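Colleague: I would like to see how this sequence folds:
(chains A and B)
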Protein chains: 2
Amino acid sequence: MSLPFHGPTAGILVIGEEILSAKVEEENARYLVRELRGLGVAVRRIDVIPDEIDEIAEAVRDMSSRYDHVFTSGGVGPTHDDLTMAAVAKAFRLRPARNSELEAKIRSALGPALHERDLRMADIPDGARLLYGPDGDHSRWPVVTVKNVYLLPGVPEIFRRKFEMVRERFRARPILSRAVYSRESEAVIAATLDAVVAEFPGVAVGSYPRLDVAEYKVKITVDGRDAALVERATARIVEGLGPAVVRTE
Amino acid sequence: MSLPFHGPTAGILVIGEEILSAKVEEENARYLVRELRGLGVAVRRIDVIPDEIDEIAEAVRDMSSRYDHVFTSGGVGPTHDDLTMAAVAKAFRLRPARNSELEAKIRSALGPALHERDLRMADIPDGARLLYGPDGDHSRWPVVTVKNVYLLPGVPEIFRRKFEMVRERFRARPILSRAVYSRESEAVIAATLDAVVAEFPGVAVGSYPRLDVAEYKVKITVDGRDAALVERATARIVEGLGPAVVRTE
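Modeller: Now for the predicted structure:
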């Protein structure tokens, strides 16, 4: 994936019929995009798709080849609409197989309350890895991982808990961000931005008009991993905008 | 796209580097998914992608072929990161061309304050249609439309205003939804749901576990356009769950 500054990228795949049908608001991608950004990972795509095995498989395969890390949300329970494990197996031509470690966990957790159907949650793609937290506590339910795809559950509380178990694996060089606020409109400052974009291919320049604030008309952002480069590009924008600059941050 | 019940479908494409970089929270898809659902349109996919012309073009082409209606958000201003018009032209192999109706609007609105760069907003794919509201008021800025793709701006206030101009075009037979709340877990009720899914291919059955409420463990939803079918499938779930039913709605 093209990105002006180098470093790890990620895709987020939300398997969420309940979001597409407007029954609940999306929370997991909203949380994860902030977490990954904080870790220095550049999210390049978020897709929300329905519980359809071929569509999930296609999206997983595509994201896995494009980005360094892929996170899926949802579809890992024991009912008819929980298709993520089977879809990931299909995406990578792996056999779904009952994992003995997970099966033992389910049996020991549920005891006599066990329903045969609960064991479906132990059916994962053959060759999947089970990741536990950095504390090495193997009593918890692990994060199931296939190649660079991390399969997280859809229930927001558990999604967060599971991501926290693996989050430090993704820490990278921080992405720095500066902002310049302009009292002039996008059309007025566009030529300056063009020149900076051409001169600094190592940073990402964004231009965001706002209508609902009186203080400024456009917020310009400069993102990158190289602090000196980000500073120089920001200084060039400030210089080019001259009296149009309200403030920087 | 497969969908258990027939009727119009939609895809939402958010061109939003600012969302991927966690600078702002997504608002437009969140609004639109509710609006479309209320109109009887089944949203089948939401993608958030960066300001990259080839990636936008690929997503537009793909969504346009899969769904009845496609809505894009963002990338329609006059700066370097506004690539949606060029990308949609590329998606459909159309020439980008300066539209005289839009050019006249910009010139008359801005008068002597006009910057050459403002006119870039009149550059749209050749053959695009300009849609005005049902009141026929041609003094407003229209919604630019190419085939089944509706190009909406990213600024949330304007996004909503523009969608409201065209919303009644999309009204379809309503999607009905019933819910059954279960005090038993997904594993316990999964076989019942399987049987209902097999017996009623004309409805969509969803199963959503909740951990943060004491009243029930799973919310089961039954969606469809055929009221009698939705009622029969719901009754079958209630019957199958028996004493596990907390309530229905």
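Colleague: okay, now the domains of chain A?
Modeller: Domain ranges of chain A: A:9-170, A:176-248, per automatic domain parsing.
Colleague: is it possible to export these to JSON lines including mean neighbour count, distance to chain B and mean pLDDT?
Modeller: Where C-beta positions appear, they are placed from N, C-alpha and C, glycine not excepted. Converted to JSON lines, the domains of chain A look like this (neighbours: other Cβ atoms under 10 Å in any protein chain shown; distance: least, Cβ to the nearest Cβ, whole Å; pLDDT from 0 to 100):
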{"stretch": "domain A:9-170", "mean neighbour count": "19", "distance to chain B": "4", "mean pLDDT": "96"}
{"stretch": "domain A:176-248", "mean neighbour count": "18", "distance to chain B": "4", "mean pLDDT": "96"}
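Colleague: OK, contacts around A:I19?
Modeller: A:25-26, A:48, B:33, B:46 (Cβ atoms under 8 Å, 6 or more residues apart in numbering or on different chains).
Colleague: my guess is A:E25 is in a helix, correct?
Modeller: No: going by DSSP: H, G, I helix; E, B strand; the rest coil, the assignment for A:E25 is coil, not a helix.
Colleague: I figured it hits B:R30, correct?
Modeller: Yes: in this structure, A:E25 is within contact of B:R30 by Cβ atoms under 8 Å, at 6.3 Å.
Colleague: quick one: A:A191 from B:R98, how far?
Modeller: Distance, A:A191 to B:R98, using Cβ to Cβ, to the nearest Å: 18 Å.
Colleague: correction: A:D81
Modeller: 49 Å.
Colleague: what do you get for A:I19?
Modeller: Distance from A:I19 to B:R98, by Cβ to Cβ: 39 Å.
Colleague: adding distance to B:V60, write the domains of chain A out as a markdown table.
Modeller: Shown next, in a markdown table, are the domains of chain A (distance: least, Cβ to Cβ, whole Å):
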| stretch | distance to B:V60 |
| --- | --- |
| domain A:9-170 | 14 |
| domain A:176-248 | 21 |
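Colleague: nearest to B:F200, of those domains?
Modeller: domain A:9-170 (12.0 Å; Cβ to Cβ).
Colleague: run the chain-centre distance for the closest one.
Modeller: Relative to its chain's centre, domain A:9-170 lies at 12 Å (Cα atoms, centre = their mean, to the nearest Å).
Colleague: what is the end-to-end distance of that domain?
Modeller: Using Cα to Cα, to the nearest Å, the end-to-end distance of domain A:9-170 comes to 10 Å.
Colleague: in chain A, which spans are helices?
Modeller: Taking DSSP state H, the helices of chain A run over residues A:17-20, A:28-39, A:53-66, A:84-91, A:100-110, A:156-166, A:186-199, A:227-241.
Colleague: quick one: the last one to chain centroid distance?
Modeller: Chain-centre distance of helix A:227-241: 28 Å, with Cα atoms, centre = their mean.
Colleague: packing partners for that helix?
Modeller: strand A:176-182, helix A:186-199, strand A:218-224, strand A:245-248 (3 or more Cβ pairs under 8 Å, 6 or more residues apart in numbering or on different chains; DSSP states H and E).
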